[in-house]
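Asks: Would you be able to build a 3D model of this:
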Amino acid sequence: DACALRMGRANAYDLSTILWALATQEIRPSTQWMGRFLAATLRALPSAEPRHIARMLWALAKLQWKPAASWADRVFQQTELQAFDFDGHALSLMLWSVSSL
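Replies: Sure thing, here's the model as predicted:
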C-alpha cells in the first residue's frame, strides 16, 4: 500500500519523527503497521544519528511497544558503533527507554 511504500523510502529522521508524533498523541498503531514500520527503521538504521535512535526507542517505550529481539539486537549493534557520538540527552533518553521496555 502507499503508506508502506513511503515508509520504505523514509530516512531515519523522518521515521523517528513519525513514531515520536504517534507516541506524543498516544496513538498506538496496529501490529501490521508497526511490523512494516520497524522493518523500515532497520533499512534506515545505518544512516541514523544517535538522536534518531534515542527518539525511536523513547517512542516505543511510551507506546509500550516491545520490539522483537532481532530488531533490538540490530539497533543495539548500531548504538555500539556510535556510542561516542551520543550526547547526554540522547544517551539518557535511550537508557530510560531501554529500561522502560
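Asks: mind checking which helix or strand the residue most central in space within the chain is in?
Replies: Central residue of the chain (C-alpha atoms, centre = their mean): M56, 2.8 Å from the mean position. Taking DSSP states H and E as the criterion, the element that holds M56 is helix 50-62.
Asks: Need the CA coordinates for the host helix or strand of Q77. PDB is fine.
Replies: With elements taken from DSSP H and E, the one containing Q77 is helix 69-81. Provided in PDB are the C-alpha atoms of helix 69-81 (Å, rounded to 0.1, in the frame of the first residue of the first chain):
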ATOM      1  CA  ALA A  69      14.700  -9.200  20.000                       C
ATOM      2  CA  SER A  70      16.100  -9.300  16.500                       C
ATOM      3  CA  TRP A  71      15.100  -5.600  15.900                       C
ATOM      4  CA  ALA A  72      16.600  -4.600  19.300                       C
ATOM      5  CA  ASP A  73      19.800  -6.500  18.600                       C
ATOM      6  CA  ARG A  74      20.300  -4.600  15.300                       C
ATOM      7  CA  VAL A  75      19.600  -1.300  17.000                       C
ATOM      8  CA  PHE A  76      22.000  -2.000  19.800                       C
ATOM      9  CA  GLN A  77      24.700  -3.000  17.300                       C
ATOM     10  CA  GLN A  78      24.300   0.300  15.600                       C
ATOM     11  CA  THR A  79      24.300   2.000  19.000                       C
ATOM     12  CA  GLU A  80      27.600   0.400  19.800                       C
ATOM     13  CA  LEU A  81      29.100   1.700  16.600                       C
END
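Asks: what's the burial count for G88?
Replies: 7 (other C-beta atoms under 10 Å). From N, CA and C alone the C-beta is placed, and that goes for glycine too.
Asks: and the gap between it and E80?
Replies: Distance, G88 to E80, by C-beta to C-beta, to the nearest Å: 18 Å.
Asks: okay, and the helix or strand of the chain with the least pLDDT?
Replies: Lowest mean confidence among the helices and strands of the chain (mean pLDDT, DSSP states H and E): helix 2-9, at a mean of 68.
Asks: quick one: contacts for I53?
Replies: By C-beta atoms under 8 Å, 6 or more residues apart in numbering, the residues touching I53 are A12, S16, L45, V75, Q78, T79, Q82, A90, M94.
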